[in-house]
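Visitor: got a predicted model here, sequence first, then my questions.
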Amino acid sequence: AQSVAQPEDQVNVAEGNPLTVKCTYSVSGNPYLFWYVQYPNRGLQFLLKYITGDNLVKGSYGFEAEFNKSQTSFHLKKPSALVSDSALYFCAVRDAGGKLIFGQGTELSVKP
Amino acid sequence: EPEVTQTPSHQVTQMGQEVILRCVPISNHLYFYWYRQILGQKVEFLVSFYNNEISEKSEIFDDQFSVERPDGSNFTLKIRSTKLEDSAMYFCASRDRLAGTETQYFGPGTRLLVL
């Protein structure tokens, strides 16, 4: 069965420092991987996806993610964090039927 | 930029009452989904809908739940007799019909509280 794990419930970063939010996955076949961000009392906003091609995927708001097949990981990164990046981040994998399977989410806190 | 909209934003209901959550997907999208997020938990799939029928449903989506596309623009989720454990944020999502466009776009959600 497809699954996604986000090993960290919370990540704390100082503004201006690089950030990484970790995600590992388990799928059969080629993975379709996604990152979404959820701001307080808001819906899920699409950040980026990996379907095929370059392992480094660039997305919205300066975020990028690196697909690593051997480590079955799809970590979200940003070179320089902003306070406004503080939110809940979800990694997800698309299963064969088309539905998304989400990780449990990681709360990112960026302090000034 | 087109977006998925949902109404109401909040709904409070008594246990046993029926609720209808409404969604307007992005126009020209043909794949529709409902997910829910119980407070503090992960986002869970409920049901997917394509070509006027359910494509897939989860174990959560029992006989108390139904979905409908009544008029070609709205997509509704009905819970016939709500239970306390139905309290959650319900998200609608839609996806383009074109092959290779895998991204699901989510609405802002409806927060349902069952008392």
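Guide: Looks like it came in fine.

Visitor: give the buried residues for whatever helix or strand A:Leu33 lives in.
Guide: Using DSSP states H and E, A:Leu33 sits in strand A:32-38. By neighbour count with 16 or more other CB atoms under 10 Å in any protein chain shown, strand A:32-38 contains the buried residues A:32-38. Every C-beta, even on glycine, is put in place using the N, C-alpha and C of the backbone.

Visitor: out of the residues you listed, which touch chain B?
Guide: Residues of those in contact with chain B (CB under 8 Å from any CB of the partner chain): A:32, A:34, A:36.

Visitor: return the closest of those with respect to chain B.
Guide: A:Tyr32 (5.4 Å; CB to the nearest CB).

Visitor: where do the strands of chain B begin and end?
Guide: In chain B, the strands defined using DSSP state E lie at B:5-7, B:10-13, B:19-24, B:29-37, B:43-50, B:53-57, B:65-68, B:75-79, B:88-96, B:105-106, B:110-114.

Visitor: which of these sits closest to A:Cys91?
Guide: strand B:43-50 (10.8 Å; CB to CB).

Visitor: may I have the strands that pair with that closest one, each with its orientation?
Guide: strand B:29-37 (antiparallel), strand B:53-57 (antiparallel) (DSSP bridges).

Visitor: circling back: okay, the ones next to chain B among the buried residues of strand A:32-38 in TSV with pLDDT next?
Guide: Shown next, in TSV, are those (pLDDT from 0 to 100):
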residue	pLDDT
A:Tyr32	93
A:Phe34	96
A:Tyr36	97
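
Visitor: of those residues, closest to A:Ala65?
Guide: Using CB to CB, those come closest to A:Ala65 at A:Phe34, 9.3 Å.

Visitor: how about the residues of chain B that lie near chain A?
Guide: Going by CB under 8 Å from any CB, the residues of chain B near chain A are B:4, B:6, B:31, B:33, B:35, B:41-45, B:48, B:55-56, B:91, B:93, B:95, B:100, B:102-109.

Visitor: which among those residues end up buried?
Guide: B:4, B:6, B:31, B:33, B:35, B:42-45, B:48, B:56, B:91, B:93, B:95, B:102-109.

Visitor: about what we covered before: from the contact counts, what lies against the strand holding A:Leu33?
Guide: Under the contact criterion of 3 or more CB pairs under 8 Å, 6 or more residues apart in numbering or on different chains; DSSP states H and E, the helices and strands touching strand A:32-38 comprise strand A:44-50, strand A:64-68, strand A:73-78, strand A:87-94.

Visitor: the inter-axis angle of it versus strand B:29-37?
Guide: 60 degrees (axes from the mean of the first three to the mean of the last three CA atoms, to 10 degrees).

Visitor: for the strands of chain B, which one sits closest to A:Val4?
Guide: Across the strands of chain B, A:Val4 has its closest neighbour in strand B:43-50 (10.7 Å, CB to CB).

Visitor: and the closest one, what's its mean pLDDT?
Guide: Taken as a whole, strand B:43-50 carries a mean pLDDT of 95.

Visitor: how far does that strand sit from the chain's center?
Guide: How far strand B:43-50 lies from its chain's middle: 7 Å, per CA atoms, centre = their mean, to the nearest Å.

Visitor: residues making contact with it?
Guide: A:44, A:90, A:92, A:97-102, A:105, B:30-38, B:54-58, B:60-61, B:65, B:67, B:69, B:75, B:77, B:90-91 (CB atoms under 8 Å, 6 or more residues apart in numbering or on different chains).

Visitor: try 6 Å
Guide: By CB atoms under 6 Å, 6 or more residues apart in numbering or on different chains, the surrounding residues in contact with strand B:43-50 are A:99, A:102, B:31-37, B:54-58, B:60-61, B:67.
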